[in-house]
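Peer 1: what follows is a predicted protein model with its sequence.
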Amino acid sequence: MPIDEAVPSQDTVTHGTKPERDRAVDVARLGALLVVIFGHCALLLATIDSGGVRVGNILGALPALAPITWVLQV
């Protein structure tokens, strides 16, 4: 699929969106989504040893970090 078909033009999006929609809220939602994605990636813990590669969660290795995640989630 060419990029022209995969990504709609600005005019198409603007025409299909209600005029009273607040774009600032959309940007805030996008920012929150990126923070969640980054947070999940940052908590990923991969270790390599003689048994191979193991993927886990850093909170399993360092449970003292859990209160920090509670603050960040709010």
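Peer 2: Looks like it arrived, so ask away.

Peer 1: any low-confidence regions in the protein?
Peer 2: Within the chain, the ranges that satisfy pLDDT under 70 run 1-4.

Peer 1: do that again at 90, thanks
Peer 2: Across the chain, the ranges flagged by pLDDT under 90 are 1-23, 35-51, 54-66, 68-74.

Peer 1: and the helices in it, which stretches?
Peer 2: 3-6, 10-15, 23-42, 58-61, 66-73 (DSSP state H).

Peer 1: got TSV for the ones you listed, with distance to G51 and mean neighbour count too?
Peer 2: For every residue, glycine as well, the C-beta is placed using N, CA and C. Formatted as TSV, these follow (distance: least, Cβ to Cβ, whole Å; neighbours: other Cβ atoms under 10 Å):
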stretch	distance to G51	mean neighbour count
helix 3-6	42	7
helix 10-15	50	9
helix 23-42	24	10
helix 58-61	16	12
helix 66-73	27	9
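
Peer 1: for those, give me CSV that also has distance to I48.
Peer 2: Listed next are the helices of the chain as CSV, based on distance: least, Cβ to Cβ, whole Å:
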stretch, distance to I48
helix 3-6, 37
helix 10-15, 45
helix 23-42, 18
helix 58-61, 14
helix 66-73, 25
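
Peer 1: pull up the distance across stretch 48-68, start to finish.
Peer 2: Start-to-end span of stretch 48-68 (Cα to Cα, to the nearest Å) is 26 Å.

Peer 1: A66 against I58, yeah?
Peer 2: No: using Cβ atoms under 8 Å, A66 makes no contact with I58, being 10.4 Å away.

Peer 1: quick one, which of the helices of the chain is nearest to D49?
Peer 2: Ranking the helices of the chain by proximity to D49 (Cβ to Cβ) places helix 58-61 first, at 13.5 Å.

Peer 1: contact partners of the closest one?
Peer 2: With contact meaning Cβ atoms under 8 Å, 6 or more residues apart in numbering, helix 58-61 is reached by 42-45, 65-66, 69.
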